[in-house]
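Asker: next input, structure requested:
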Amino acid sequence: MSNHGINVKGHRILVLPDEVEKTTKSGIIVTTGIAELREKLKQVDGVVVAMGDNCFYDKPSKWCEIGDTIIFGKYSGVFRTGNDGIEYRIINDEDVVATLERKENE
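Answerer: Model (predicted):
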């Protein structure tokens, strides 16, 4: 049983969107204008948390798996806060644009 309490159905995918950093790696605080732009852009990357039973049923292979980092359409899906207080995104399987390879140090 998951602690987020969201059980996606059909061809839906539950995604944990990447968070926007408020400071750069060197510790510089990001200005409001840049932060707002990054806020808009952040919704295109995320980690697959759960998948419905019918995801990619009409495709020759799955485009992603649970745990994959994916890129998806900025305006795709709906937002939902889970029981754990974290905001998730529920998207359709066809909204997955690509998967991202993990960096060596991650």
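Asker: pick out the residue closest to the middle of this structure.
Answerer: The centroid of the chain falls nearest to Gly46 when counting by CA atoms, centre = their mean (2.6 Å).
Asker: need the phi and psi values for Glu94.
Answerer: The phi and psi values for Glu94, taken as degrees, to the nearest 10, are phi -70, psi -10.
Asker: ok, it - contacts?
Answerer: If you count contacts by CB atoms under 8 Å, 6 or more residues apart in numbering, Glu94 has them with His11. C-beta: built from backbone N, CA, C; applies to glycine.
Asker: returning to what we had before: is it true that the residue nearest to the centre of the chain touches Ile13?
Answerer: No. Between Gly46 and Ile13 there is no contact under CB atoms under 8 Å: 9.4 Å.
Asker: got the confidence number for Asn3?
Answerer: Confidence at Asn3, expressed as pLDDT, is 88.
Asker: three-state assignment of it?
Answerer: Under DSSP: H, G, I helix; E, B strand; the rest coil, Asn3 falls in the coil class.
Asker: what's the distance between it and Val48?
Answerer: 16 Å (CB to CB, to the nearest Å).
Asker: and the two? Which one has more around it.
Answerer: The neighbour comparison of Asn3 against Val48 (other CB atoms under 10 Å) goes to Val48, with 22 against 9.
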